[in-house]
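Take this sequence and fold it.
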Amino acid sequence: MSKVSVLIVDDATFIRDLVKKGLRNYFPGIHTEDAVNGRKAQVMLTRETFDLILCDWEMPEMSGLELLSWCRQQDGYLKSVPFIMVTSRGDKENVVQAIQAGVTDFVGKPFTNEQLLTKVKKALAKVGKLDAVMTSAPSRIGSSINESLSALTGGRAEVVKSASSAPAGIAKPPPVAAASAPQAPTGRGQGQLRLSSGIAQCVIKALTLKEALLVVRRSDNLPQILEQAVLDLEQGENAEVARLNGYLHAIVAFEQKPDSDWLQLTFRFTDQDAQKLDYVSRLIARGTAQKHFVPGG
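Numbers count the residues shown, from 1 in each chain. Now for the predicted structure:
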């Protein structure tokens, strides 16, 4: 078993759990601790030694940048311990601030499991700790962290910190799976969601310029929180189509029962394309995406 220890600092419970599960699934012997903000982490760092710190930027009481600055001002290992900032703050000014404070690397929100693990391995390799945990790691990055979606069957909604500065757009659309997609419910306000696992037909319960509330049929391949996707909207007599880039901000069971056949997804847009936003505005004005959907109806 490795003796590598990681401290995860974030005020969002779900993000801390997601990161812990990702690390433990890939490095079965790794030791993780977590703190709800920089102040709590500061106390833990004075009592225990960690090989890596994964820290959010915006937190109450003490921000990630303040914690980073404090670490670099200390004597001993905290001056050089790998410190990865997990943040949606990707503008140049903030990046420069963190670099000047001594940050090791960044993970941008929203992030995939693979992106997180790549940064962690790189940081541990720099301090000679990677071999200690790689002996028990799988040969490649494992499947998606579906354990994080266990709350779905109980109908509980997990709230994820908003990533208002998420990277705009997706480099290329997720591949379309060969398997047939779930059948779309009948009614107005339909679309399709292109995920890494394939295409899911959906009904649009509500639509704003920032996000869409979607209902999709549950399948064997559950979508992931923070997973990037493309929402195809086709509405109106002219069959206009808008392809909106974004990510899954929240996922809950649509029905209040353990065996719900339907999931409700909050899809946050990262597109800033004026033409697409104008199209969405016209959809909202026409009300074509406001029809509420009743499963089985």
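
Ala200: neighbour count?
24 (other CB atoms under 10 Å). Every C-beta, even on glycine, is put in place using the N, C-alpha and C of the backbone.

Wasn't it part of a strand?
Yes: under DSSP: H, G, I helix; E, B strand; the rest coil, Ala200 sits within a strand.

Beta-bridge partners for it, please?
For Ala200, the beta-bridge partners under DSSP bridges are Leu193.

these two touch, right, it and Val215?
No: the pair Ala200 / Val215 is not scored as a contact, 10.1 Å apart, by CB atoms under 8 Å.

all strands for the stretch 1-150 of the chain, in order.
5-9, 31-35, 52-56, 83-87, 105-108 (DSSP state E, counting those that start in this stretch).

Please identify the deepest-packed of those strands.
Greatest average neighbour count among the strands of the stretch 1-150 of the chain goes to strand 52-56 (a mean of 26), per mean count of other CB atoms under 10 Å.

rank the strands of the stretch 1-150 of the chain by pLDDT, which is bottom?
Note on the strands of the stretch 1-150 of the chain: strand 105-108 shows the lowest mean pLDDT, a mean of 87.

can you tell me which strand in this protein is longest?
Identified as the longest strand of the chain according to DSSP state E is strand 240-253.

can I have that strand written out in CSV, keeping just the CAs?
Extracted in CSV, the C-alpha atoms of strand 240-253 (Å, rounded to 0.1, in the frame of the first residue of the first chain):
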residue,chain,number,x,y,z
GLU,A,240,-33.8,25.4,-37.7
VAL,A,241,-31.1,23.6,-35.8
ALA,A,242,-28.8,25.0,-33.1
ARG,A,243,-25.9,22.9,-31.7
LEU,A,244,-25.1,24.2,-28.3
ASN,A,245,-21.9,23.2,-26.4
GLY,A,246,-22.0,22.8,-22.7
TYR,A,247,-21.7,20.5,-19.7
LEU,A,248,-24.0,18.6,-17.3
HIS,A,249,-24.3,20.7,-14.2
ALA,A,250,-26.8,18.5,-12.3
ILE,A,251,-28.5,15.1,-12.6
VAL,A,252,-31.4,13.9,-10.6
ALA,A,253,-34.1,11.2,-10.8
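
Enumerate the positions of it that are buried.
By neighbour count on 16 or more other CB atoms under 10 Å, the buried set for strand 240-253 is 242-253.

circling back: put together TSV for the strands of the stretch 1-150 of the chain, with distance to Asp75 on each row.
Below are these laid out as TSV (distance: least, CB to CB, whole Å):
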stretch	distance to Asp75
strand 5-9	19
strand 31-35	21
strand 52-56	17
strand 83-87	16
strand 105-108	23
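
For the residue most central in space within the chain, which residues are in contact?
Centroid-nearest residue in the chain, with CA atoms, centre = their mean: Leu226, separated by 2.6 Å. By CB atoms under 8 Å, 6 or more residues apart in numbering, the contact list for Leu226 reads 18, 109-112, 160, 163, 247-249.

from those, which ones fall inside helices?
Under the assignment DSSP state H, these contribute Leu18 to helices.

Distance to Asn94 and pLDDT added to the contacts of Leu226, as JSON lines?
Shown next, in JSON lines, are the contacts of Leu226 (distance: CB to CB, whole Å; pLDDT from 0 to 100):
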{"residue": "Leu18", "distance to Asn94": "23", "pLDDT": "87"}
{"residue": "Lys109", "distance to Asn94": "13", "pLDDT": "76"}
{"residue": "Pro110", "distance to Asn94": "17", "pLDDT": "73"}
{"residue": "Phe111", "distance to Asn94": "16", "pLDDT": "78"}
{"residue": "Thr112", "distance to Asn94": "21", "pLDDT": "79"}
{"residue": "Val160", "distance to Asn94": "20", "pLDDT": "34"}
{"residue": "Ala163", "distance to Asn94": "14", "pLDDT": "35"}
{"residue": "Tyr247", "distance to Asn94": "20", "pLDDT": "90"}
{"residue": "Leu248", "distance to Asn94": "25", "pLDDT": "90"}
{"residue": "His249", "distance to Asn94": "22", "pLDDT": "88"}
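
and which of the contacts of Leu226 is nearest to Leu195?
Using CB to CB, Leu248 is the member of the contacts of Leu226 that sits closest to Leu195, with 8.4 Å.

Could you report the neighbour count for the residue lying closest to Leu130 once chain neighbours are set aside?
Using CB to CB, 6 or more residues apart in numbering and skipping the chain neighbours, the partner closest in space to Leu130 is Leu124 (4.2 Å). The local packing of Leu124 (other CB under 10 Å) involves 23 other residues.
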